[in-house]
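Student: Mind folding the following:
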Amino acid sequence: MESSGAGRHVLIVVQNLPVPLDRRVWLECRALVEAGYRVSVICPKGPGDPAYAELDGVRLYKYKAAPPAAGLLGYLYEFGYSWLRTAGLAAKAWRRDRFDVLQACNPPDTYWALARLFRLRGVRFVYDQHDLNPEVFRSRFGEPAGPAAKAQYAALCWLERRTYRAADHVVSTNESYREVALTRGGRQPADVTVVRSGPDTTRMRPVRGHPELRRGRRHLAVYLGIMGPQDGVEGVLRALDVLVHRMGRTDLQVALLGFGDCLDDLVELSARLDLSDYTTFTGRADARMIAEYLSSADIGLSPDPKSPLNDVSTMNKTMEYMSYALPVVTFDLRETRVSAGDAARYVPFTGDPAVDVPAYAAAVAELLDDPAERVERGIAGRRRAAAELDWAPQRARYVGVFDRLLAVTRDAPALPPATAPERTADDWGNELVDLDDEAALAAYVRDRGIGADEPRPESAESRTP
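Tutor: Predicted coordinates:
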């Protein structure tokens, strides 16, 4: 039996995001390092990233990402190219420092084949399932009907089954995903562990707002996350169109933080709807930008439409809004209710944009005009994020997976308690909000820390009727 994780090496494979931009994977890396494991990651490069770097004890091997995929052949090229680049870097990492566990984070479900190759050398395989790829297909393209669609769907199901079968252990992001692993994946309960993508609330916490981010308007709403076809970001612009051009609201700026396949189309749509003055597209958002925008906004937007994927998926952005005491407007999705509780205002989803877009816009307007509700939901969200959704208990479950696989025993807990450092400002000098002072926290949520001495631009009374 090992007495600690020291001497054990974990290789983590990610294809859809660079690390540390992938916040879940970076939290996992840090947890393993803190528990005494050596950690390497293989992932695509972000802008300006080197091919190799070491950050906070994690070795990062990166390859040039494939061009954006379009059509079946494009996706096949992307998956094949990424697999081969990853396999080459895995061999390089093995030559440098043999690893004991390979963890693959999907999408796609192709790295079981790489895990099979390394299993011949005694390497264990952990499947960290971030997405349900058959549901991704159904959400983007509808139920498969023709021969080509049915063949693609069958291939995705086959790849998922192969990944489940190859895994020594499955890590699921929520109970809905775990149920899929037990039923469709045929795994036993002991083989599946739920590790939610909880925020680190000791780091993700409110700071005094930045009024300049409102671009001269009274209110700010924010979207944070990937901008893909299934994420519903177009609905944000359609709802803003209703708010501005039908309801006559000129008091709202919307910031969209992130990137994805749809980003260019969204910028074009914003211009076509005559909303360019009301929208801020930031592109990739680093930790400082996230902290400052989410601390300055009045509402967090979760526009994900109800679909086979979204209904059972945990939305990281929703929990991150909650960490910053930001009330949320979201469509009524099963797992979003589990995460958000009383922090969100839920909009029924009908599937008819003529109904859903005005309903979402109305919910945003009503929450903007009700400071008391914003305070109630914002504080409830922060409390829930810290008490029930925080990464601290999740990291213990996550490290426990590797300890059990590698027969690691410990005389003391694997991880030190997660405690917030005693400080008054964050890493960039922003003034931290006192979360223990209920009155101060309520006042902050009401005006985001801009303060009565700093006039909020464009009062409600000055809105265009």
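Student: Is it correct that residue 302 is in contact with residue 344?
Tutor: Yes: taking contact to mean C-beta atoms under 8 Å, the distance of 7.5 Å between residue 302 and residue 344 places them in contact. C-beta here means a position set from N, CA and C on the backbone, and glycine is covered the same way.
Student: what about the strands in the chain?
Tutor: Remark: strands assigned in the chain by DSSP state E are 9-14, 38-44, 52-55, 58-63, 101-105, 124-129, 169-172, 192-194, 219-224, 252-257, 279-283, 299-302, 328-331, 344-347.
Student: got any residues that touch both of residue 302 and residue 344?
Tutor: Shared contacts of residue 302 and residue 344, defined by C-beta atoms under 8 Å, 6 or more residues apart in numbering, are found at 318, 328-330, 336.
Student: out of everything not next to it in sequence, what's closest to residue 389?
Tutor: Counting by C-beta to C-beta, 6 or more residues apart in numbering, the nearest residue to residue 389 once its immediate chain neighbours are dropped is residue 198, at 4.6 Å.
Student: Give me the contacts around stretch 91-103.
Tutor: Under C-beta under 8 Å, 6+ apart, the answer for stretch 91-103 is 8-13, 28, 38, 40, 42, 59, 61, 90, 111, 114-115, 118, 121-128, 171, 402, 405-406.
Student: let me fix that: stretch 232-245
Tutor: 223, 227, 249-250, 252, 254, 256, 260, 262, 265-266, 269-270, 273-275, 278-279, 301, 303-305, 310, 331, 353, 356-358, 360-361, 364-365.
Student: to the chain's geometric centre, what's the distance from that stretch?
Tutor: The gap between the average C-alpha position of stretch 232-245 and the chain average comes to 22 Å, counting by C-alpha atoms, centre = their mean, to the nearest Å.
Student: Mind listing what's buried along it?
Tutor: Residues of stretch 232-245 classed as buried: 232-244 (neighbour count, 16 or more other C-beta atoms under 10 Å).
Student: for stretch 423-433, same thing?
Tutor: Buried, per 16+ other C-beta under 10 Å, within stretch 423-433: 426, 430, 432-433.
Student: That stretch: how far from the chain's middle?
Tutor: Going by C-alpha atoms, centre = their mean, the spacing between the C-alpha centre of stretch 423-433 and its chain's C-alpha centre is 24 Å.
Student: Give the rounded mean pLDDT of that stretch.
Tutor: In this model, stretch 423-433 carries a mean pLDDT of 89.
Student: And for stretch 135-144?
Tutor: Stretch 135-144 shows an average pLDDT of 91 in the prediction.
Student: hmm, who's touching that stretch?
Tutor: For stretch 135-144, the surrounding residues in contact (C-beta under 8 Å, 6+ apart) are 107, 149-150, 152-153, 156, 229-230, 307-310, 312.
Student: re the thing from before, buried ones only from the contacts of stretch 91-103, please, as a ChimeraX command.
Tutor: In ChimeraX syntax, the buried subset of the contacts of stretch 91-103 is picked out as below (16+ other C-beta under 10 Å):
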select :8,9,10,11,12,13,28,38,40,42,59,61,90,111,114,115,118,123,124,125,126,127,128,171,402,405,406
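Student: ok, now which ones touch the most centrally placed residue in the chain?
Tutor: Central residue check for the chain by C-alpha atoms, centre = their mean: the C-alpha nearest the mean position is that of residue 316, 3.6 Å away. With contacts taken as C-beta under 8 Å, 6+ apart, residue 316 has the following neighbours: 23-24, 197, 199, 225.
Student: what about residue 68, how many neighbours?
Tutor: Residue 68 is surrounded by 9 other residues when neighbours are defined as other C-beta atoms under 10 Å.
Student: Give me the nearest residue to it, chain neighbours excluded.
Tutor: Closest residue in space to residue 68, ignoring its immediate chain neighbours: residue 261 at 6.2 Å, by C-beta to C-beta, 6+ apart.
Student: how much space between that neighbour and residue 428?
Tutor: Residue 261 sits at a distance of 30 Å from residue 428 (criterion: C-beta to C-beta, to the nearest Å).
Student: now do residue 105
Tutor: In this structure, residue 105 and residue 428 are separated by 29 Å, where distance is defined by C-beta to C-beta.
Student: Next: residue 140.
Tutor: Here residue 140 is placed at a distance of 37 Å from residue 428 (C-beta to C-beta).
Student: next one: residue 254
Tutor: Taking C-beta to C-beta as the measure, residue 254 and residue 428 are separated by 23 Å.
Student: same thing with residue 196?
Tutor: With the distance defined as C-beta to C-beta, residue 196 ends up 27 Å from residue 428.
Student: Buried ones from the contacts of residue 316, can you make that a PyMOL selection?
Tutor: Taking 16+ other C-beta under 10 Å as the burial criterion, the selection of buried members of the contacts of residue 316 in PyMOL is written as:
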select buried, resi 23+24+197+199+225
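Student: Next, the angle strand 38-44 makes with the longest helix along the chain.
Tutor: In the chain, ranked by residue count with DSSP state H as the criterion, the top helix is helix 71-96. Going by axes from the mean of the first three to the mean of the last three C-alpha atoms, to 10 degrees, helix 71-96 is angled at 150 degrees with respect to strand 38-44.
Student: got the buried residues for helix 71-96?
Tutor: Applying a neighbour-count criterion of 16+ other C-beta under 10 Å, one finds 78-79, 81-83, 85-87, 89-90, 93-94 buried in helix 71-96.
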